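In: sequence and predicted model, in that order:
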Amino acid sequence: MFVTPQSGTRRRFLGSMGTGFGALALQALAGLEAKGASTRTGPDPLNPFAPRPAPLPPKAKSVIFLFLVGGPSQIDTFDYKPLLQKLHGKPVPESFRDAVKATRFANVFHGCKDELMASPFTWSQHGQSGLWVSNLMPHITRHADDLCVLHSLQADSNNHAPASYQLHTGDIRPGKASLGSWVTYGLGSVNHDLPGYVTLFDAGPLGGAANYSNGFLPAAFQPTRLRDKGTPVLDLLPPPEFADGQRDSLNLIRDLNLRHRDSRPGFAEFDARIASYELAYQMQSSALEVGDTERESQSLRRSYGLEHADPRTQAFGRKCLLARRLVERGVRFVQVYDMPDKDGWDAHDNLVKNHEPRARWTDQPVAALLADLKQRGLLDETLVVWASEFGRTPMMQGNLGRQHNAAGFTIWMAGGGVRPGIRIGATDDLGLLAVEKPIQMKDLHATILHLLGLEHEALNYEVNGRLERLTGIAGGARIVHEALSSESKLGG
């Protein structure tokens, strides 16, 4: 057991210095043990954030994962179904119903009326790729030829929290390590003055922190939550009356820790404990700088929606802009949640009333993020993922709403080594069931890891004698090679 004298005093000091970075670094570096190291290459216990070479040629250096909480409807955004428009108000044809009942997704009909509902939005094709997009996303349509659209995702649960856990951690059960934690565990961080894994949200996803936590991985690889407005981390700076003496206090703590360590030779965790204080100190100025979006030009801020009439568009725009500033400075993984309230895109009733404002809050900022990354030459090395835990049914629920649909839904990726301007997989002609190249969550994870230069089966961590992986048991996941650019296919 790791014990230090005056631990209560140290915790109080660390809390005053910054509960965000300080607490993370303290428990992280002190708790990291070589026992659970990856069979590929383990992080250095004294410097777990040190960058580690990828075993495969990487195309992406970092990931911005945009999570649209609650399940936006694929058949009202990116998956146009002319037959659905024709069959509005009619029952589900028996051929479609029988096809779904023959799969594990038979419960998708529960809670729905036997009445098809056409998309209430208008559709048009965009770019050389001819991508169909509804009028909910007028800004993203400008990037139609940058998108790699996956129309055939499937989840193992039709409930929010389990499906969200699966998208984030590979398992419908809570307690597993998140994608961002696995990525930073496998690759470390390029920037030593900022965390490797950052989350940005007002209200987190259903299921809470189990979506984005480090799970069984060492605490070094948990995310740090940054605020998009004001000071990025609450209590990051010490009170003014203690600020001048902070450096002297750190030096004193370092001296005391060194004395304690010297009396216990071979106990390397003390070095990690000492390093944690320095890391937290270094992060103070870096976090303040990266959060200062006022330094950006007015035109750029306007493009992200920071001057939009809707304050929720402004809020999501700040998150997207901060995500760009973070990856630009070497942060490995940025998780952005769009959920400003408890409902998200969960349109069980009145689809239009639910989806129109949420599209307004997110469409312009996401388009600006893609344009900004591209203009700065960062899109090629930054993988942007736009996804949710599931989609929605073509059948009506309630008063012009739609039920959850895990049987077939759409996400898209851009940059970071994916093929632009293509569509992969397909749902049936109603948008109900993935019928062409179904893609499982673990396949998506394997593909993301591959683009970062990681071998999904070699990236593992021993827990109670069992090798845990993001993609589950060996041989259970496949890389979606159709989504990779020709260069990204090298080595895998």
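Out: Happy to help now that I have it. Residues are numbered from 1 along each chain as shown.
In: low pLDDT regions in the stretch 151-300 of the chain?
Out: 230-250, 264-288 (pLDDT under 70).
In: residue boundaries of the strands in it?
Out: 197-200, 224-225 (DSSP state E, counting those that start in this stretch).
In: got those as TSV, with distance to residue 56 and mean neighbour count columns?
Out: (Glycine included, C-beta is placed from N, CA and C.) Shown next, in TSV, are these (distance: least, CB to CB, whole Å; neighbours: other CB atoms under 10 Å):
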stretch	distance to residue 56	mean neighbour count
strand 197-200	21	26
strand 224-225	27	20
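In: closest one to residue 467 among these?
Out: strand 197-200 (21.9 Å; CB to CB).
In: so what touches the closest one?
Out: 180-181, 183-184, 212, 221-228, 319, 322-323, 326, 331-337 (CB atoms under 8 Å, 6 or more residues apart in numbering).
In: could you do stretch 106-114 as well?
Out: Stretch 106-114 is contacted from outside by 91-92, 97, 100, 158, 393, 395-397, 403-407, 432, using CB under 8 Å, 6+ apart.
In: identify each buried residue in that stretch, please.
Out: 108-109, 112-113 (16 or more other CB atoms under 10 Å).
In: cool, stretch 332-351 as well?
Out: So for stretch 332-351, counting by 16+ other CB under 10 Å, buried means 332-340, 344-348, 351.
In: for these, which one is nearest residue 371?
Out: Using CB to CB, those come closest to residue 371 at residue 336, 16.3 Å.
In: so residue 202 makes contact with residue 339?
Out: Yes - the pair residue 202 / residue 339 is scored as a contact, 7.0 Å apart, by CB atoms under 8 Å.
In: give me the element residue 410 is part of.
Out: Per DSSP states H and E, residue 410 falls inside strand 409-414.
In: partners of that strand in the sheet?
Out: Here strand 409-414 has these sheet partners by DSSP bridges: strand 147-154 (antiparallel), strand 382-387 (antiparallel).
In: other residues contacting that strand?
Out: 71, 74, 77-79, 143, 146-151, 153-155, 370, 379, 383-388, 390-392, 420, 427, 434, 444, 483.
In: restricted to helices, list the buried residues of stretch 332-351.
Out: Members of the buried residues of stretch 332-351 lying in helices (criterion: DSSP state H): residue 351.
In: from the buried residues of stretch 332-351, which is closest to residue 375?
Out: Closest to residue 375, out of all of those and judged by CB to CB, is residue 334, at 18.4 Å.
In: thought the closest one was touching residue 65?
Out: Yes - between residue 334 and residue 65 there is a contact under CB under 8 Å: 7.1 Å.
In: returning to what we had before: which one of the strands of the stretch 151-300 of the chain lies closest to residue 162?
Out: With CB to CB, the closest approach to residue 162 among these belongs to strand 197-200: 19.9 Å.
In: quick one, what contacts residue 356?
Out: Contacts of residue 356 by CB under 8 Å, 6+ apart are residue 136.
In: so it belongs to a helix, correct?
Out: Yes - the assignment for residue 356 is a helix, going by DSSP: H, G, I helix; E, B strand; the rest coil.
In: that one and residue 71, how far apart?
Out: Distance of residue 356 to residue 71, computed by CB to CB, to the nearest Å: 16 Å.
In: and the strands in the stretch 1-150 of the chain, which stretches?
Out: With DSSP E, counting those that start in this stretch as the criterion, the stretch 1-150 of the chain has strands spanning 62-67, 123-126, 131-134, 147-154.
In: all helices for the stretch 251-400 of the chain, in order.
Out: Using DSSP state H, counting those that start in this stretch, the helices of the stretch 251-400 of the chain run over 269-290, 298-303, 311-328, 351-375.
In: any chance of those helices in CSV with distance to residue 47 as columns?
Out: Formatted as CSV, the helices of the stretch 251-400 of the chain follow (distance: least, CB to CB, whole Å):
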stretch, distance to residue 47
helix 269-290, 7
helix 298-303, 35
helix 311-328, 21
helix 351-375, 29
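In: ok, and which of the ones you listed has the densest surroundings?
Out: Of all the helices of the stretch 251-400 of the chain, helix 311-328 carries the top mean neighbour count, a mean of 23, counting by mean count of other CB atoms under 10 Å.
In: can you tell me the average pLDDT over that one?
Out: What helix 311-328 shows for mean pLDDT is 96.
In: got it, and stretch 450-463?
Out: On average, stretch 450-463 scores 96.
In: straight-line length of that stretch, end to end?
Out: End-to-end distance for stretch 450-463: 23 Å, by CA to CA, to the nearest Å.
In: tell me the residue furthest from the middle of the chain?
Out: residue 263 (43.6 Å; CA atoms, centre = their mean).
In: contacting residues for the nearest residue to residue 136 once chain neighbours are set aside?
Out: Leaving aside its sequence neighbours, residue 136 sits nearest to residue 359 (CB to CB, 6 or more residues apart in numbering; 4.0 Å). Counting by CB under 8 Å, 6+ apart, residue 359 touches 77, 136-137.
In: repeat that for residue 347.
Out: 71, 73, 354-355, 392, 401-402.
In: and residue 374, by the same measure?
Out: 146, 415.
In: that older thread, out of the helices of the stretch 251-400 of the chain, which comes closest to residue 254?
Out: With CB to CB as the criterion, residue 254 lies closest to helix 269-290 of those, at 5.8 Å.
In: residue 406 versus residue 106, what's the distance?
Out: Counting by CB to CB - residue 106 and residue 406 are separated by 11 Å.
In: go on, residue 290?
Out: On the measure of CB to CB, residue 290 and residue 406 end up 37 Å apart.
In: equivalent analysis for residue 392, please.
Out: Taken as CB to CB, the span from residue 392 to residue 406 is 10 Å.
In: residue 78 now?
Out: From residue 78 over to residue 406 (counting by CB to CB), the distance is 17 Å.
In: those two - which one has more neighbours?
Out: Ranked by neighbour count (other CB atoms under 10 Å), residue 78 and residue 406 place residue 78 first, with 28 against 24.
In: residues contacting the more buried one?
Out: 131-134, 137, 149, 151, 410, 412.
In: without its sequence neighbours, what residue ends up closest to it?
Out: Residue 78's closest residue in space is residue 410 (CB to CB, 6+ apart), at 4.8 Å.
In: what's the spacing between that neighbour and residue 431?
Out: From residue 410 to residue 431 the distance is 9 Å (CB to CB).
In: shared neighbours of these two, anything?
Out: The contact lists of residue 410 and residue 431 share 74, 79, 391, where a contact means CB under 8 Å, 6+ apart.
In: just among those, which is most surrounded?
Out: Neighbour max across the shared contacts of residue 410 and residue 431 (other CB under 10 Å) = residue 391, 33 neighbours.
In: who's the closest residue to that residue other than its chain neighbours bridged to?
Out: Leaving aside its sequence neighbours, residue 391 sits nearest to residue 409 (CB to CB, 6+ apart; 2.7 Å). Residue 409 forms beta bridges with residue 153, as assigned by DSSP bridges.
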